[in-house]
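Asker: I need the structure of the sequence given here:
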Amino acid sequence: MNALITTYAALADRLDRNEWVLPTLTRFLFAATLLGYFWASALTKLGDGVLGFLNPSTGAYAQIFPKAFEAVGYDSSQLNLFHWAVTVAGTWAEFILPALIVLGLFTRLSALGMIGFVTLQSLTDLYGHGGIQHAETLGAWFDRMPDGVILDQRGFWVLALILLVMKGAGPLSLDRLLVRNAPSVRPVSQPQ
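Answerer: As a prediction, the model looks like this:
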């Protein structure tokens, strides 16, 4: 039994020393599964023309502010500056934050931003689009059914993002290049 425990401990120690694996695989999996999802969603929010990134589509308001948009008869000109700013910021966030995660640039901040984004997205799906009324959309934990959109799927999204917040992007990242090329920072001396 001691040999088995010693072998297990040695294997665990080797795995612990390979800290590059989890952040690198997490970013790869994010690129393979969620990058296209968020970018496709962001594309539906762009308005027409060259300045479409500043002039959201009507679909953008319907996705982000469904009840407010319905209340003004689906006329986006009746919405205020707040609605415009949130819609533009949300659209940009759907493009920029996933790209930064995949590139491994400002990864911890980008992953933190994505956690906030996914949280707001989920709340909008539940309360703005009526998902709270449909148990299959919300899902449930400990129910042997892993296909609930909010609690199950997005729970795993957030777990992956938390891993990136905690561990960073790993060695194959622009963050690593920035840190390597940054001037050394001296610790601030403590007053005595």
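Asker: Is Asn55 part of a helix or strand, or is it coil?
Answerer: In three-state terms, and counting by DSSP: H, G, I helix; E, B strand; the rest coil, Asn55 is coil.
Asker: List of residues touching the helix or strand Phe28 falls within?
Answerer: Secondary-structure assignment from DSSP states H and E places Phe28 in helix 21-30. Among residues not part of helix 21-30, those counted as contacts by CB atoms under 8 Å, 6 or more residues apart in numbering are 98, 101-102, 104, 107, 160, 163-164, 167-173. Glycine gets a C-beta too; all of them are placed from N, C-alpha and C.
Asker: Show me how far that helix is from its chain's centre.
Answerer: 13 Å (CA atoms, centre = their mean, to the nearest Å).
Asker: which residue packs closest to Gln121, ignoring adjacent ones?
Answerer: Spatially, and ignoring its direct neighbours in sequence, Gln121 is nearest to Arg154 (7.9 Å; CB to CB, 6 or more residues apart in numbering).
Asker: contacting residues around that neighbour?
Answerer: Shown in contact with Arg154 (CB under 8 Å, 6+ apart): Val118, Gln121, Ser122.
Asker: Give me the next element, helix or strand, following the helix or strand encompassing it.
Answerer: Element membership of Arg154 [criterion: DSSP H and E] is helix 154-167. Per DSSP H and E, the first helix or strand lying C-terminal to helix 154-167 is helix 174-181.
Asker: Report the inter-axis angle for that next one versus helix 21-30.
Answerer: Using axes from the mean of the first three to the mean of the last three CA atoms, to 10 degrees, the inter-axis angle of helix 174-181 relative to helix 21-30 is 140 degrees.
Asker: Mind checking what secondary structure Tyr8 has?
Answerer: If you use three-state DSSP, then Tyr8 falls in the helix class.
Asker: Check which helices and strands the top helix by length along the chain is in contact with.
Answerer: When every helix of the chain is counted residue by residue (DSSP state H), the longest turns out to be helix 81-103. In terms of contacts (3 or more CB pairs under 8 Å, 6 or more residues apart in numbering; DSSP states H and E), helix 81-103 is packed against helix 21-30, helix 36-43, helix 58-64, helix 107-123.
Asker: can you list these in a markdown table and add mean pLDDT, mean neighbour count and distance to Trp84?
Answerer: Putting these into a markdown table (pLDDT from 0 to 100; neighbours: other CB atoms under 10 Å; distance: least, CB to CB, whole Å) gives the following:
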| stretch | mean pLDDT | mean neighbour count | distance to Trp84 |
| --- | --- | --- | --- |
| helix 21-30 | 96 | 17 | 29 |
| helix 36-43 | 96 | 14 | 16 |
| helix 58-64 | 93 | 19 | 9 |
| helix 107-123 | 96 | 18 | 17 |
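Asker: Pull up the gap between the residue nearest the centre of the chain and Leu120, please.
Answerer: Averaging the C-alpha coordinates of the chain gives a centre point, and the residue nearest to it by CA atoms, centre = their mean is Met114 (2.8 Å). In this view, Met114 and Leu120 are 11 Å apart by CB to CB, to the nearest Å.
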